[in-house]
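*Asks:* Provided below for reference: sequence and predicted model.
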Amino acid sequence: MTGQQADIQWYIAREGKQHGPLSDVEMRTFVAQGHLKPTDLIWRPGFADWRPAPAVFPFPQPEPAPATPRPTTQGRRPEPARGPVPPPATTAAASEHTFEPNRIRVAQGSDDSGKSGARRALGIVALLVLLGGGGWYAWQSGAAGMLGDRISSTQEGEQVPTVAAPADGTTAAPAAEAPAAAPPVDKAQVEAGAQALDSKFEKMAAWSVVKREFPDWYGDQLRQAAQLSAQNQPEHEVNKHLAEALVALRRQHANDALSASTERLKLVASSFLDNLKSLSSQSVGACYGFISQGENSPAVLEVLQSPEQGATVQAQIAAIFEAIADGRKSPATHDKAAKADYDVLVQELTKLGWKENDLQVFSNPTLLSKEPPARVCQMVQDWFFAHLSVADPGTQERLLVETLKPVVSG
C-alpha cells in the first residue's frame, strides 16, 4: 500500500449520522469484516459528494454451490467450494458486484443471534475504532508503518459535505418523515427552565468547563432543553438531547483536544479508566454499554445529569474539554506512534497476564464480538492501564495520542 493510500480519510454516513475519519486500514478492515451496509454513504477527500457504499466498495456474491460434484478429466476429486470467489474482471458484468444483506454472522454456539448479534458485532467494531484498533490491527498484521497515519482532519481546503443524496443520481435511504411541529411554549417558562438547569449544571464538572469555554453554545443548549421540558417531553429525551449535543461539540473540537499537553492527555486517559471502573462496579452492562455506545448508552444517560451518581462520567467529559481548552490556548505537536512503541505496550499488557491469544482477540472484531461483556470490559481497562504504566515519557505520549484520537472524536 502506498503512502497516499495510507493517508486516505474515510467517512461513513449511516441513518443520517456521520462517522469518521477512519484510516484506509481501518476502513478496509471494517469492510472486510462485513460491517458496511448497502444503505451507507461513503466520502473521502477527492469525492465531490457522498457516494453509495456499493459503488465504492463492491464485493462479489458467494459462488452458488453446485448441486452435484463437477466431473473431472484427471480422475481427481473435485475440490470443495472455498467461499466467495471473485468473478473474472474481463467483462463489464464482472465488475457489477452487489452486497449481501445482513453480512454480519454469529458463530454457532454463541448466545447471541439475529439482530442482537449484529448490533453486538457493530458495537465491538465501534469499540476497536474507539481504541485506535485499526492501528493495532495493522501492526498485528505486519503493517506497522501505517500506525502513525491516522489523521483527524481532511486535507486542507476540503470539508466533509453535509449528508445528502449522492450526486451520481442514485438514491440514498429515504429520510424519516419530519415530526409534527410542536406547539409554541411560553418564552418566560423556557427562560425559567434554562435558569433552573444552569443552577443544577454549575455543580457538575463537565458542564462547568463547557460553560466557561463555550458560553454561547451552553446557553443555547439550556434553552433547547428547557423548551423540550416545557413541551412535556420525557426526562430521558431531554437528557438524550443534551448528551448528543455534548458529543457533537466534543467531536467538533477533537483536534484541539489532541493538541493539548501530555499531562492533559494523561488525565483524559486516567479519567476514562476511572469511569470504566466505576461503571463496572455498577454492572457489567453499564460498562459494556458505555464502551459500545458512549455517552448515549442508557446507563450513562441515566446518571449523566446527576452530580452524585454521574461523578466519574462528568470527570471524564470534563477532562476532555479541559484538554480542548488547553489545545486551543497552547497547541502542542505530538509525534506519531511507531512499532517500537507498541512493543513496549505489549510488554505492559504481558505484565497484566495477556497472552498471544489475548492480543489476537483484542485486535480482531470477529473474535472480540464473541467474548463475554465482562471480559471485554476488563480488556479495555487493561488497555488503558497499560498505556498509563509505560515509564518512558516519549513512548507514553505517542501511544496516548494514538489511542485517544478516537476517544475524543468517536
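*Replies:* Yep, that arrived. All of these numbers come straight from a predicted model, not from anything done at the bench.

*Asks:* how close does Leu22 sit to Val31?
*Replies:* 10 Å (Cβ to Cβ, to the nearest Å). To be clear about C-beta, it is placed using only N, CA and C from the backbone, and glycine gets the same treatment.

*Asks:* and what of Glu371?
*Replies:* Relative to Val31, and taking Cβ to Cβ, Glu371 is found at 22 Å.

*Asks:* One more: Asn255?
*Replies:* Distance, Asn255 to Val31, by Cβ to Cβ: 26 Å.

*Asks:* still on that earlier bit, looking at Leu22 and Val31, which is more packed in?
*Replies:* Leu22 (21 against 17; other Cβ atoms under 10 Å).

*Asks:* Confirm that that one lies within a helix, as I assumed.
*Replies:* No: counting by DSSP: H, G, I helix; E, B strand; the rest coil, Leu22 is not part of a helix but strand.

*Asks:* That one touches Gln9, doesn't it?
*Replies:* Yes: assessed by Cβ atoms under 8 Å, Leu22 is found in contact with Gln9 at 7.2 Å.

*Asks:* Number of residues surrounding Ser330?
*Replies:* For Ser330, using other Cβ under 10 Å, the count is 10.

*Asks:* can you list contacts of stretch 262-269?
*Replies:* 257-258, 260, 316, 319-320, 322-323, 326-327, 332, 334, 384, 387-388, 393, 396-397, 400-401, 403-404, 407-408 (Cβ atoms under 8 Å, 6 or more residues apart in numbering).

*Asks:* Can you pull out the low-pLDDT segments for the stretch 301-410 of the chain?
*Replies:* Along the stretch 301-410 of the chain, the parts satisfying pLDDT under 70 run over 307.

*Asks:* At which residues are the helices of it located?
*Replies:* In the stretch 301-410 of the chain, the segments counted as helices under DSSP state H, counting those that start in this stretch are 311-329, 339-351, 356-362, 365-369, 373-389, 393-409.

*Asks:* how about the second one: buried residues?
*Replies:* It refers to helix 339-351. Residues of helix 339-351 classed as buried by neighbour count (16 or more other Cβ atoms under 10 Å): 341-342, 344-345, 348-349.

*Asks:* Next: the last one.
*Replies:* Along helix 393-409, these residues count as buried under the neighbour rule (16+ other Cβ under 10 Å): 395-409.

*Asks:* name the helices or strands packed onto it?
*Replies:* Helices and strands touching helix 393-409, by 3 or more Cβ pairs under 8 Å, 6 or more residues apart in numbering; DSSP states H and E, are helix 114-130, helix 235-252, helix 254-258, helix 262-282, helix 311-329, helix 339-351, helix 373-389.

*Asks:* Next, the contact list for Pro331, please.
*Replies:* By Cβ under 8 Å, 6+ apart, Pro331 lies in contact with 256, 259.

*Asks:* any idea how far Ser259 is from it?
*Replies:* Using Cβ to Cβ, Pro331 is found at 4 Å from Ser259.

*Asks:* what's the answer for Lys329, then?
*Replies:* For Lys329, the distance to Ser259 - Cβ to Cβ - is 10 Å.

*Asks:* Those two: which is more packed in?
*Replies:* Neighbours were counted for Lys329 and for Ser259 using other Cβ under 10 Å; Ser259 has more, 22 against 11.

*Asks:* ok, the more buried one touching His253?
*Replies:* No: in this structure Ser259 lies outside contact range of His253 using Cβ under 8 Å: 9.9 Å.

*Asks:* Now for those two: what residues contact both?
*Replies:* Residues touching both Ser259 and His253 by Cβ under 8 Å, 6+ apart: Gly327.

*Asks:* Quick check: Leu228 touching Val238?
*Replies:* Yes: the pair Leu228 / Val238 is scored as a contact, 4.9 Å apart, by Cβ under 8 Å.
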